[in-house]
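In: Sequence unavailable; structure follows:
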Ligand SMILES: N#Cc1c(-c2ccc3cc[nH]c3c2)n[nH]c1N
């Protein structure tokens, strides 16, 4: 998979060279290129922003550099998916991560200031698939942090990136796990600061362990994210429980 990221702060994406995503890049599973949007400006000050039409605070990113960047990165006839990071975008979730993991080509546009001129998305959509995406209902200063999150989320789903693909199956929000939150995990020592590992996990009884883990996953999901519960697991009674 080829991933291009365009930003005025390309160094912000340096952490992608670390850890699992970094290994995937080294082994060629992912071909990552990070670009400085200012390389597509032509004035002495390498200007990427201007005042907003209609007034208002802040500045808006000019369409011309973005248009030229996308022309170069996505030649006519190329099958590519453009993600534009924006707080007003569609919520990013595991389903979209899985979709992106199957794409041959993803370009990620990281805006700054008050955002990117709306015509960039409009024009790009005439020749590629465009998704305006948000990683959550809070406001960042730019799209780079969101790009890091999204790239990590989909890169780890690419076959070969995670050593043991079985570990993907039981994760929170994974389609294989009924969209339940992940059950609590424990490791040695069996007793730590007076706190014991649940006995069932020491029993070696795999059937009981699987059942216990599912119960904990449902309980946790009901308490923290009831909207994720399948209908069969929902209960209407108000559960007063310690906030954990
Ligand atoms: N994705 C996402 C975002 C953003 C975001 C994205 C791009 C820009 C450009 C200027 N400000 C931005 C905020 N804020 N919160 C999110 N979930």
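Out: Arrived safely, thanks for sending. Just so we're clear, the structure is a prediction, and the values are computed from it rather than from any experiment. Numbering: from 1, shown residues only.
In: ok, and what's touching the host helix or strand of residue 100?
Out: Element membership for residue 100 (DSSP states H and E) is helix 94-101. Residues from elsewhere that reach helix 94-101 (C-beta atoms under 8 Å, 6 or more residues apart in numbering): 1, 81, 83, 90, 106, 131, 133, 150, 153-155, 157-158, 173-175. C-betas here are computed from N, CA, C, even on glycine.
In: and if you look at stretch 72-79?
Out: 4, 6, 35, 40, 80, 82, 104, 105, 107, 127, 128.
In: Please point out which parts of the helix or strand where the second one lies sit buried.
Out: Spelled out, it's residue 6. With secondary structure defined by DSSP H and E, residue 6 is part of strand 2-7. Buried residues in strand 2-7, defined by neighbour count with 16 or more other C-beta atoms under 10 Å: 3, 4, 5, 6, 7.
In: ditto for stretch 144-163
Out: 144, 146-148, 150-151, 153-158, 161.
In: Keep only the residues you listed that also lie close to the ligand.
Out: By C-beta under 6 Å from any ligand atom, the members of those lying near the ligand are residue 146.
In: so how far is the helix ranked longest in the chain off the chain centroid?
Out: Taking DSSP state H as the criterion, the chain has its longest helix at helix 206-224. Mean-position distance between helix 206-224 and its chain equals 26 Å (C-alpha atoms, centre = their mean, to the nearest Å).
In: go on, stretch 174-188?
Out: 19 Å.
In: re earlier: closest one of the buried residues of strand 2-7 to the ligand?
Out: residue 7 (10.2 Å; C-beta to the nearest ligand atom).
In: for that closest one, what are its contacts?
Out: Counting by C-beta under 8 Å, 6+ apart, residue 7 has contacts 13, 34, 35, 36, 37, 110, 112, 142, 143, 144, 147.
In: between the residues you listed, which is closest to the ligand?
Out: Taking these together and measuring to the ligand by C-beta to the nearest ligand atom, the closest member is residue 143, at 3.6 Å.
In: Now the closest one: closest residue in space that isn't a chain neighbour?
Out: Of all residues not flanking residue 143 in the chain, residue 85 sits nearest, at 2.9 Å (C-beta to C-beta, 6 or more residues apart in numbering).
In: Help me confirm that the one you found is found in a helix?
Out: No. Counting by DSSP: H, G, I helix; E, B strand; the rest coil, residue 85 falls outside a helix, being strand.
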